[in-house]
Every structure is written in C-alpha cells, then in structure tokens.
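>>> 3D model of this:
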Amino acid sequence: MMAIGIGCRRGASAQAIVAIVREALAQVWLPDEPAGLFSIEQKRDEPGLVAAAQALGLPLDFFPAEALRAVEDRIATRSSRAEILLGVASVSEAAALAGAGGDAGLVLPRIARDGATCAIARGRGR
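Prediction:
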C-alpha cells in the first residue's frame, strides 16, 4: 500500500490539503495501488484534514508522536515547526513511513503549500 503522510497548520482548508495530495499522487501513484492517508494523533480533530480525506475517498489513520519518532532516522526533511509544536522532527514524511510499514522508504519527500505538507512512502517491495 502507498502511504500518504499529511501535515497541516491549524485551520488549513480541505481544498489546500486535497490539492497537495493530488499534486503528490500525480507524481508517483499507480492507479491500481491502494492508498491511505496518515497523520499525527494531534490532528485527529482538524476539520480540513477530515474533510479532505472524505473528498479524496481515502481512509485516514493517525499515529501517536512516539510512532513518528520511531521512523525519524528515515526522514529526508526535518521541520523545526513540528519539533516545537508537536515534539516530532516530521509529520508528513514520518506519518507516510509509519503508515507504509517497517521496510518502507520515501518515494516522494515532503512538499509544502498553503499550510499543508504531503509525503508519500511505500514498502520497498513495490
């Protein structure tokens, strides 16, 4: 499965999140490949993120900060903002890696726009 990690600022719009996910998918997605959205637990109640998942028709799952810290050795981009606010070096890249599983690697490092970030990972077997 392809794991799409999402980070966003508080109040980010669903439209901004949908746009960045679509931009990322256009670069790496194989149409027959299942995909899911992943983020940090602290974003569970973020309305734009929830609405974006619904608009995209993709499942949305959340990880505790500890799970994101566990994959920090494989991220490509550190976020000082995420470190200060959430205690993790990355949200989108780490969530993608955690969502894709133990052997996952980034296929699209973090892209950022309009208060949202997106990264994509998949298991190395694909």
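
>>> Contacts only, for the residue nearest to Pro64 when sequence neighbours are not counted.
Here the nearest residue to Pro64 in space, its sequence neighbours aside, is Glu41; by C-beta to C-beta, 6 or more residues apart in numbering that works out to 5.0 Å. (Each C-beta comes from the backbone N, C-alpha and C, glycine too.) Residues in contact with Glu41 (C-beta atoms under 8 Å, 6 or more residues apart in numbering) are Phe62, Phe63, Pro64, Ala65.

>>> Going by neighbour count, which of those residues are buried?
Buried positions within those, assessed by neighbour count (16 or more other C-beta atoms under 10 Å), are Phe62, Phe63, Ala65.

>>> Could you say which helix or strand holds the first one?
So the one you mean is Phe62. Remark: Phe62 resides in strand 60-63, with elements defined by DSSP states H and E.

>>> And the pLDDT for the spatially closest residue to Glu33 that is not a sequence neighbour?
Spatial nearest neighbour of Glu33, chain neighbours left out: Met2 (5.2 Å); criterion: C-beta to C-beta, 6+ apart. pLDDT, Met2: 92.

>>> Quickly list what Met2 is bridged to.
With DSSP bridges as the criterion, Met2 is bridged to Ala35, Arg122.

>>> what ranges do the helices span in this structure?
Using DSSP state H, the helices assigned to the chain run over residues 14-28, 47-56, 65-69, 80-86, 92-100.

>>> highest average neighbour count across those helices?
Greatest average neighbour count among the helices of the chain goes to helix 92-100 (a mean of 30), per mean count of other C-beta atoms under 10 Å.

>>> Can you tell me what sits against that one?
Residues outside helix 92-100 that contact it (C-beta under 8 Å, 6+ apart): 1-7, 36, 38-40, 61, 63, 67-72, 74-77, 88, 104-106, 109-110, 117-123.

>>> Having no further points to raise, I will conclude here.
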